[in-house]
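Trainee: Predicted model, plus sequence, below.
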Amino acid sequence: MIKIYHNPRCRKSREALKYIEDKGASFEVIQYLQNPLTGQELSNLINKLNISPIDLIRKEEALWKTQFKDKNLDNKALINLMIKEPRLMQRPIIEFQDMAVIARPIIALENLI
């Protein structure tokens, strides 16, 4: 089953959700702002994305710019930060089996679904 890590206030996230719905695929919506991921879940997702934790950070987010941008955070600290402040995570993230993509642009979903 497809999982979409979704923020309903985000236009790109809503577009990805509509794309999945239009394909008729079965999916599960995970509203990660209300239910933050655990460290293990986040680590697994980062591995499926094949990126480093820093690549999952929304670097244009005001919180990042004002409080964390100039800090030298290791991977564990970045994961803990995203657990504490899930709004710092890139979105939307679509996970299917052993793969995942950050669905920006939406065309990134074509190879996954």
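Mentor: Structure received.

Trainee: pLDDT score for Gln34?
Mentor: Per-residue confidence (pLDDT) for Gln34: 95.

Trainee: Then Ala108?
Mentor: 81.

Trainee: so the closest residue to it other than its chain neighbours is in which element?
Mentor: Distance criterion Cβ to Cβ, 6 or more residues apart in numbering; nearest residue to Ala108, sequence neighbours excluded, is Val101 at 4.6 Å. Bear in mind the C-beta positions are built from the backbone N, C-alpha and C, glycine included. Using DSSP states H and E, the element containing Val101 is strand 99-102.

Trainee: How about that strand, which residues are buried there?
Mentor: Residues of strand 99-102 classed as buried by neighbour count (16 or more other Cβ atoms under 10 Å): 100-102.

Trainee: and the residue nearest to Ala108, what are its bridge partners?
Mentor: Ile94 (DSSP bridges).

Trainee: separation between Gly24 and Tyr5?
Mentor: 20 Å (Cβ to Cβ, to the nearest Å).

Trainee: Relative to Ala103, how far out is the residue of the chain most remote from its centre?
Mentor: The centre of the chain is farthest from one residue, Asp70, which by Cα atoms, centre = their mean lies 22.3 Å away. Asp70 sits 29 Å away from Ala103, going by Cβ to Cβ.

Trainee: got it, and Leu78?
Mentor: 21 Å.

Trainee: hang on, Lys12 is in a helix, isn't it?
Mentor: Yes: assessed with DSSP: H, G, I helix; E, B strand; the rest coil, Lys12 lies in a helix.

Trainee: Report how many residues lie close to it.
Mentor: 16 (other Cβ atoms under 10 Å).

Trainee: How about Gln67?
Mentor: 13.

Trainee: looking at this, Ser43 is in a helix?
Mentor: Yes: according to three-state DSSP, Ser43 belongs to a helix.
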